[in-house]
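Asks: Would you be able to build a 3D model of this:
(chains A and B)
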Protein chains: 2
Amino acid sequence: MTPTATTPTTTEPPADLVISGCSVLTHDDRERIGFAHDAAIVVRDGTVESVTSAGAVRGLAAGERIDARGQVALPGLINCHTHAPMVALRGLAEDLPTGEWFNDVIWPVESNLTARDVELGARLACAEMIRGGVTCFADHYFAMDAVAAVVAECGMRALLGEAYFSSQGPRGRERSLEFALRHRGSADGRITTALAPHAPYTVDDADLAATAELAHEHALPVHLHAAENRDQTDTSLARHGVTPVQVLERTGILDTDVLIAHGTGILEGDLPLLERAGGRTAVATAPRGYLRFAWPTTTPVRALRAIGVPVGLATDGAASNNSLDVWESMALTSLVQKSTEGDPRWLTSRQALHHATLQSARAVGLGDSVGSLAPGRRADLVLVDLTGPHTQPVHDLAATLVHSARAADVRTTVVDGRILMRDRELLTIDVPAVVRELGERLPALVDRSHGRRVQDYDT
Amino acid sequence: MTPTATTPTTTEPPADLVISGCSVLTHDDRERIGFAHDAAIVVRDGTVESVTSAGAVRGLAAGERIDARGQVALPGLINCHTHAPMVALRGLAEDLPTGEWFNDVIWPVESNLTARDVELGARLACAEMIRGGVTCFADHYFAMDAVAAVVAECGMRALLGEAYFSSQGPRGRERSLEFALRHRGSADGRITTALAPHAPYTVDDADLAATAELAHEHALPVHLHAAENRDQTDTSLARHGVTPVQVLERTGILDTDVLIAHGTGILEGDLPLLERAGGRTAVATAPRGYLRFAWPTTTPVRALRAIGVPVGLATDGAASNNSLDVWESMALTSLVQKSTEGDPRWLTSRQALHHATLQSARAVGLGDSVGSLAPGRRADLVLVDLTGPHTQPVHDLAATLVHSARAADVRTTVVDGRILMRDRELLTIDVPAVVRELGERLPALVDRSHGRRVQDYDT
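Replies: Purely as a prediction, here's the structure:
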């Protein structure tokens, strides 16, 4: 922590926000996680101006002050792969294998979706995420104009992409591009966009290749599912003689900046392709769903780290994950990785926090602007209360944060310097109103009597 | 739900507590989980007098009333195996294999333990558990008189046992018996006791056999670790030619009412021994630690259920689990069992709730008095708030409870009809005072310069 010039002067205008008395999670020049204690954060114009000592900000003029003693400030969590509006389907399709989950429930129900359902779902999802300390999410869904409007209104940051299948014909891909161009940089720059083909098993090679070209032409990243599970990889090999990652390579997707969801079916032979990919490649891991669906493998985090691929934390949608609790994803990633690697020394709490901060920021293409609390970064941060009995005593603050603290311990959530939740009170979303209207719409939404579905799951 | 006579009469004294407007988790006569909506619970003399409709209790005289609309009442969670005072060591020994965790940190530190440390740790642990909806815990530790005093004072229910190793000589076993006899039935019957040998790898066959005899003589159950992991089973086979479960059988422990912690090293050949055990046999599963220590297997819940052995939920101590969050254990048990069995249809939310309620109650020997909300059962219950955005909408209340709700959603905790937490406020424990004094004692507690340990881990 380098104390910077924060002594009040007569000429300097007041800071917008000063947070003082907390511990602050820091990254050193080798990206090692540390903590500054009795510290303070000065925010101006949506940016972290300084991380300094509590003493240094005493008397500093500020539009807003937060006394954060007993709390820890950390970069806001980033949900690197979700389908936010699917909170409307939370708990609707339980205890099913992947194919039945898609074909019998989710894809039939999604053929009923209206923009209003998506809007209400997104609003409920943003409320859940803000309360759980999430400041940014990468969303991949339909009717995304509605999601963009909710992001603009509620104050979160997001990487948004309009999903498409080849079964929609060329209009699907075109709409994905139009959405990306229409919303890129909107909401005061808080919205970034991606092209969002669904997956190699639902989008054909020609569409993927065209997507890669559009990505280059318009300097857009690509966000898609690939090698979600081992079955998909095995089927791809049996039908096409190539793995899903090989499909991404031969269609040029790996030459774009690509965010791959899940990747539990990535094989060892895929790793060199990912390592020499021409674009920025990242993977999002959402381990709860892999356990729930009884997939035989999880994201190969250790192998991906060995070749320099960032692995961001994610929840997937709440129809499979039951929550958008990235805090839980952080703990589960640590636990599942230890178990899968057979190595209790692997994926320590500090590693988990590195995934939650810088790696997640890089995964969503914001590695230079968020993911750490340092001068010049956007002021996306959360304050976590550690005074509860379940987080005391503190022998190792990193372990306390990852394995003892919970989403509900987040007291305050700030994005771009704006307070979206203060002392557990949501300031930008009216949850009861959303729940009421969504509840009225549910019978029509979940009706499956029509026998339609938006797509077939047939890997 | 059978409405029972709760109509006010002029002769009936007021009920002690009436909770109304909530949904209530129920078990039918085949123990299937259901929910009564817009329901009410009437409590008298620490007992559930009736579970009825909200309308039936309107106007009923009551010493205390709780309006629980938007909440769900369920039997209080039971932590079937923990070492409550070890919250003092939360986060002290991270990212280590089992042997190093014991030998290099935990057992050296435990040689410093004083009764005051145990008392403060137990108090902090009870605060955490009450806040997380736990009404009863099975504790296995040292200086247990201090734990019993805390249980008496804070109002929880507990099955307590004074742990011992054969390395302590015969006094260890004698103290365990003396403790069990001294405290059995204390705290108005909320304390039950067990003999608590540590494990077959730290207590020799002669001591186990003597323990079994004492258990019979004094009608006491036995609570111990056995076949915690596969390594222990393999070592037992290599050194003694028998599995840990075979040791329990040949020493007579399986003829007692025995609660076995973990059992991830139970082999298929052990199952017939457990099935024909002469006593009431149960296993406690605490899956978080198995992931953390990268043990290769988990508790064989499906096999144990197939032979009728109840499997209760547990956290183990917070030095390995980082919390005493039984809510998390419930979700993780479901997820890890699905994954381990390769079957997404196994361990549904309703099964998880059956483990959390009746099976856990049976595991701690209280199958007839707690574990369900029905007339005549002790009034141990929690009220869970489902109005948060992360628990809406509700398509499947069992799934919402197991996979979306969190420990922090518990608003009110009741044991024996007494409210221990109301609207998140703890009524029987002063957490800041405990944290302050424990903090002062930590340097002496965690000192390892003496080079001693209470025991060697050498399975």
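
Asks: Just give me the neighbour total for the nearest residue to residue A:437 once chain neighbours are set aside.
Replies: Ranked by Cβ to Cβ, 6 or more residues apart in numbering or on different chains and with sequence neighbours excluded, the top spatial neighbour of residue A:437 is residue A:120, at 5.9 Å. Every C-beta, even on glycine, is put in place using the N, C-alpha and C of the backbone. By other Cβ atoms under 10 Å in any protein chain shown, the residues close to residue A:120 number 27.

Asks: How about the helix or strand where residue A:145 lies and chain B, any contact?
Replies: Taking DSSP states H and E as the criterion, residue A:145 maps to helix A:144-154. No - judged by Cβ under 8 Å from any Cβ of the partner chain, helix A:144-154 makes no contact with chain B; its nearest approach is 11.6 Å.

Asks: outside of that helix, which residues touch it?
Replies: Identification of contacts with helix A:144-154 by Cβ atoms under 8 Å, 6 or more residues apart in numbering or on different chains yields A:84-85, A:115-116, A:118-119, A:122-123, A:126-127, A:130, A:139, A:141, A:157-158, A:160-163, A:179, A:182-183, A:186-187, A:190-191, A:420, A:428-429.

Asks: and with 6 Å instead?
Replies: Under the contact criterion Cβ atoms under 6 Å, 6 or more residues apart in numbering or on different chains, helix A:144-154 has outside partners A:115, A:118-119, A:122-123, A:126, A:139, A:158, A:160, A:162, A:179, A:183, A:187, A:191, A:428-429.

Asks: likewise stretch A:157-169?
Replies: A:135-142, A:144, A:147-148, A:151, A:172-173, A:175-176, A:179, A:190-194, A:196, A:198, A:202-204, A:207, A:223, A:364, A:415, A:455.

Asks: Report the beta-bridge partners for the residue nearest the centre of chain A.
Replies: Nearest to the geometric centre of chain A sits residue A:79, at 1.6 Å (Cα atoms, centre = their mean). Beta bridges link residue A:79 to residue A:137, judged by DSSP bridges.

Asks: Can I get the helix or strand residue A:217 falls within as PDB, trimmed to CA atoms?
Replies: Using DSSP H and E, residue A:217 falls within helix A:205-218. What follows is helix A:205-218, C-alpha atoms only, in PDB (Å, rounded to 0.1, in the frame of the first residue of the first chain):
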ATOM      1  CA  ASP A 205     -19.200 -24.500 -38.300                       C
ATOM      2  CA  ALA A 206     -20.300 -22.100 -40.900                       C
ATOM      3  CA  ASP A 207     -22.000 -19.900 -38.300                       C
ATOM      4  CA  LEU A 208     -19.100 -20.100 -36.000                       C
ATOM      5  CA  ALA A 209     -16.700 -19.100 -38.800                       C
ATOM      6  CA  ALA A 210     -18.900 -16.200 -39.700                       C
ATOM      7  CA  THR A 211     -19.100 -15.200 -36.000                       C
ATOM      8  CA  ALA A 212     -15.300 -15.200 -35.800                       C
ATOM      9  CA  GLU A 213     -15.100 -12.900 -38.900                       C
ATOM     10  CA  LEU A 214     -17.700 -10.500 -37.400                       C
ATOM     11  CA  ALA A 215     -15.800 -10.500 -34.100                       C
ATOM     12  CA  HIS A 216     -12.600  -9.400 -36.000                       C
ATOM     13  CA  GLU A 217     -14.400  -6.900 -38.100                       C
ATOM     14  CA  HIS A 218     -16.200  -5.200 -35.200                       C
END
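
Asks: Could you pull out the buried residues of that helix?
Replies: Neighbour counts over helix A:205-218 (16 or more other Cβ atoms under 10 Å in any protein chain shown) mark A:207, A:208, A:210, A:211, A:212, A:214, A:215 as buried.

Asks: Just flag the most distant two among those residues.
Replies: A:207 and A:215 (12.4 Å; Cβ to Cβ).

Asks: Please list all residues in contact with residue A:85.
Replies: Neighbouring residues of residue A:85 by Cβ under 6 Å, 6+ apart: A:118, A:121, A:122, A:141.

Asks: at 10 Å instead, please
Replies: Each residue near residue A:85 by Cβ atoms under 10 Å, 6 or more residues apart in numbering or on different chains is listed here: A:110, A:113, A:115, A:117-125, A:139, A:141-144, A:146-147, A:150, A:317-319.

Asks: Any chance of a PyMOL selection covering the buried ones in these?
Replies: Here is the PyMOL selection string for the buried members of these, based on 16+ other Cβ under 10 Å:
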select buried, chain A and resi 110+113+117+118+119+120+121+122+123+124+125+139+141+142+143+144+146+147+150+317+318+319
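
Asks: about what we covered before: filter the contacts of stretch A:157-169 down to the ones in strands?
Replies: Among these, the residues falling in strands (DSSP state E) are A:135-141, A:191-193, A:196, A:223, A:415.

Asks: Number of residues surrounding residue A:456?
Replies: By other Cβ under 10 Å, 12 other residues sit near residue A:456.

Asks: Isn't residue A:328 up against residue A:291?
Replies: No - the criterion here is Cβ atoms under 10 Å, and residue A:328 misses it with residue A:291 at 11.5 Å.

Asks: what's the overlap in contacts for those two?
Replies: residue B:331.

Asks: just to revisit the earlier point, looking at the buried residues of helix A:205-218, spot the one nearest chain B.
Replies: Nearest to chain B out of the buried residues of helix A:205-218 is residue A:208 (Cβ to the nearest Cβ; 29.3 Å).

Asks: any residue of stretch A:412-432 up close to chain B?
Replies: Yes - using Cβ under 10 Å from any Cβ of the partner chain, stretch A:412-432 reaches chain B at A:426, A:429, A:431, A:432.

Asks: near chain B, which residues of the stretch 101-250 of chain A show up?
Replies: By Cβ under 10 Å from any Cβ, the part of the stretch 101-250 of chain A that sits against chain B consists of A:101, A:120-121, A:123-132.

Asks: please redo it, this time with the cut-off set to 7 Å
Replies: Residues of the stretch 101-250 of chain A that fall close to chain B, judged by Cβ under 7 Å from any Cβ of the partner chain: A:124, A:127, A:128, A:131.

Asks: just the stretch 251-400 of chain A next, same as before
Replies: Counting by Cβ under 7 Å from any Cβ, the stretch 251-400 of chain A sits next to chain B at A:288, A:291-294, A:296, A:322-323, A:325, A:335-336, A:338-339, A:342-345, A:348-349, A:389-390, A:392-396, A:399-400.

Asks: Looking at the residues you listed, which are in helices?
Replies: Members of these lying in helices (criterion: DSSP state H): A:288, A:291, A:292, A:335, A:336, A:338, A:339, A:349, A:399.

Asks: Number of residues surrounding the residue nearest to the fifth one when sequence neighbours are not counted?
Replies: Leaving aside its sequence neighbours, residue A:336 sits nearest to residue A:287 (Cβ to Cβ, 6+ apart; 4.6 Å). The criterion is other Cβ under 10 Å. On that basis, residue A:287 has 31 neighbouring residues.
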